[in-house]
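what's the 3D shape of this:
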Amino acid sequence: MLQRKCHWVFFFFRPELNDYYASILDCDEPGPSGVILSDTGSEDDITESFHEVVCDSEKPVAEILEGLATKINNFGLTKLNIARNFIWEGAKRALTRKSFSSTHRLSVKFTDDSGNSEGAVDWGGPMREFFTLVLQYIHDSNLLCGPENRKYLSFNFKLLEDNDYYIAGLIVAMSLVHGGPAPHFLSPVMYQALTTNLPLIVQIDDVYDHELRSSLKALSDAATVDEAKRYTVEGNLATVLDLAGTMAMPMNTLNDIQKVVHSTAEWFVLGRCKPALESFRDGLSSLGLLDAIKKHPNQFRPLFCDQPVKLTAEGMERLFKVKASPAGSSKAVTESLVLSRWSDYLQ
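Residues are numbered from 1 along each chain as shown. All right, here's what the predicted structure looks like:
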């Protein structure tokens, strides 16, 4: 599990309220999705904080997800029996059953726990924990590669053959629409690739392989064409250029060299994983999520990419609601002192 300081956005969909709550936390807890939940602030305060941070002037993402959640059939039920140490195996087993439907509400029971599975009344806890754990698994697995907070889809033929990329996309879609956490770990260029079929400009810095990134940077910084051509036969760069099909591109001018560099970077980051990307997209299209992302890419970007928000004392205060003792009581006097010191601490 990852240990890092970060900001997470959580969505909770509760049928009895038919509304979304969102909170932004700064925490040291593990995971790309976090596990700390906050319900100490009022609904209006938390929603206001959420809108200020992750929404632009267009339709708020919480409203978009609320609309998608109307597709959930509360009369249908999918039961998941999950062992925490075999989270991916349990998820795949449940999601590939013939009776499975992503539109059915979920009832999760961890088999290493005692007690009954989650039902219609106790909505949220086990289900959110399941999505948190399975998103952590996806983050750490061979499905993705690259830096911790800027992940790219890999291309692994065995995983593609086993339909794992599709399952991963389906899990992300279900987590967001059913009320689980958001992933927050895709790189911006990979997120762009999900939202459009148009060609994308991939920069050298987007190349997550350190050796290849260094080689491409040296090639890009070459002062002459002859110097650049010498770089193309050094190390593993020649093999990569050959696999990318860019070795056959013209290299008569420095401008030609730049085209080779960026075409190679694009192939390495996006071209190689195109089959995996298409499979992941298919899973992400469940419950209408992919269409919503394409229509509202700016609103969904903070849910897929790591975009830390500056923590302020005012924002922190809005996350909490004071439950004070009756005015005039001895406890109220002490509480007023505590609150003043709490405010000083936040400042």
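
before we move on, what SS does Asn74 have?
strand (DSSP: H, G, I helix; E, B strand; the rest coil).

ok, how many other residues are close to it?
By other C-beta atoms under 10 Å, the residues close to Asn74 number 11. All C-beta spots, glycine's among them, are computed from the backbone N, C-alpha and C.

Just checking, which helix or strand of the protein averages the lowest pLDDT?
strand 19-27 (a mean of 35; mean pLDDT, DSSP states H and E).

Please state the offset of the strand or helix carrying Leu77 from the chain centre?
Per DSSP states H and E: Leu77 is located in strand 73-82. Taking the mean of its C-alpha atoms, strand 73-82 sits 24 Å from the chain's own mean (C-alpha atoms, centre = their mean, to the nearest Å).

for stretch 157-170, same thing?
For stretch 157-170, the distance from its own C-alpha centre to the chain's C-alpha centre is 17 Å (C-alpha atoms, centre = their mean).

Average pLDDT for that stretch, rounded please.
Averaged across stretch 157-170, the pLDDT comes to 95.

Which residue ranges of this protein form strands?
6-14, 19-27, 73-82, 104-110, 144-145, 152-153 (DSSP state E).

Can you flag the weakest of these by average pLDDT?
strand 19-27 (a mean of 35).

Please enumerate the helices of the stretch 201-347 of the chain.
210-220, 225-231, 237-244, 254-266, 274-284, 289-295, 297-304, 313-318, 330-346 (DSSP state H, counting those that start in this stretch).

Now do the fourth one and helix 237-244, the angle between them.
Just to be clear, that refers to helix 254-266. For helix 254-266 against helix 237-244, the angle by axes from the mean of the first three to the mean of the last three C-alpha atoms, to 10 degrees is 70 degrees.

Off-centre distance for helix 254-266?
30 Å.

For this structure, give me the ranges with low pLDDT.
1-57, 113-124 (pLDDT under 70).

change it to 80
1-58, 112-124, 234-235, 307-309 (pLDDT under 80).

Can you pull the domain assignment for it?
The chain breaks down by automatic domain parsing into domains covering 6-195+274-304, 204-271, 313-346.

follow-up on the earlier one: same question for the strand holding Leu77: list its buried residues.
Neighbour counts using 16 or more other C-beta atoms under 10 Å place Thr78, Leu80, Ile82 of strand 73-82 among the buried residues.

Can you tell me the closest non-neighbouring residue to the last one?
Nearest-residue entry for Ile82: Gly90, 4.2 Å, with adjacent residues in sequence omitted and distances by C-beta to C-beta, 6 or more residues apart in numbering.

coming back round to it: most tightly packed of the domains of the chain?
Most buried of the domains of the chain by mean neighbour count (mean count of other C-beta atoms under 10 Å) is domain 6-195+274-304; its value is a mean of 18.

if we can go back for a sec, let's have the buried residues of strand 73-82 in JSON lines, adding distance to Ala168.
Below are these laid out as JSON lines (distance: C-beta to C-beta, whole Å):
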{"residue": "Thr78", "distance to Ala168": "18"}
{"residue": "Leu80", "distance to Ala168": "16"}
{"residue": "Ile82", "distance to Ala168": "16"}
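
nearest to Tyr152, of those?
Ile82 (27.6 Å; C-beta to C-beta).

Look up how far Thr253 lies from that closest one.
Shown here: Ile82 relative to Thr253, a distance of 58 Å by C-beta to C-beta, to the nearest Å.

same thing with Gln347?
Gln347 sits 58 Å away from Thr253, going by C-beta to C-beta.

cool, Thr195 as well?
Distance, Thr195 to Thr253, by C-beta to C-beta: 34 Å.

Next up, phi/psi of Met251, please.
phi -130, psi 60 (degrees, to the nearest 10).

From Phe110, how far off is it?
Using C-beta to C-beta, Met251 is found at 58 Å from Phe110.

same thing with Gln136?
In this view, Gln136 and Phe110 are 15 Å apart by C-beta to C-beta.

ditto for Leu303
For Leu303, the distance to Phe110 - C-beta to C-beta - is 26 Å.

for Val240, same thing?
44 Å.

Equivalent analysis for Ser101, please.
22 Å.

ok, now Arg318?
Applying C-beta to C-beta to Arg318 and Phe110 gives a distance of 34 Å.

what do you get for Lys71?
Lys71 sits 26 Å away from Phe110, going by C-beta to C-beta.

now do Thr334
In this view, Thr334 and Phe110 are 41 Å apart by C-beta to C-beta.

and if you look at Ser99?
Between Ser99 and Phe110 the computed distance is 21 Å (C-beta to C-beta).

same thing with Ile167?
19 Å.

what's the answer for Val202, then?
Val202 is 41 Å from Phe110, by C-beta to C-beta.

Repeat that for Leu289.
Taking C-beta to C-beta, one finds Leu289 at 26 Å from Phe110.

next one: Ala91
For Ala91 relative to Phe110 (C-beta to C-beta), the value is 12 Å.

which residues are common contacts for the two?
Residues touching both Ala91 and Phe110 (C-beta atoms under 8 Å, 6 or more residues apart in numbering) are Ile82, Phe130.

if we can go back for a sec, I'd like the helices of the stretch 201-347 of the chain written out as JSON lines, with distance to Asp162 added.
Below are the helices of the stretch 201-347 of the chain laid out as JSON lines (distance: least, C-beta to C-beta, whole Å):
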{"stretch": "helix 210-220", "distance to Asp162": "27"}
{"stretch": "helix 225-231", "distance to Asp162": "38"}
{"stretch": "helix 237-244", "distance to Asp162": "24"}
{"stretch": "helix 254-266", "distance to Asp162": "27"}
{"stretch": "helix 274-284", "distance to Asp162": "10"}
{"stretch": "helix 289-295", "distance to Asp162": "21"}
{"stretch": "helix 297-304", "distance to Asp162": "24"}
{"stretch": "helix 313-318", "distance to Asp162": "43"}
{"stretch": "helix 330-346", "distance to Asp162": "49"}
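
Nothing else from me, thank you.
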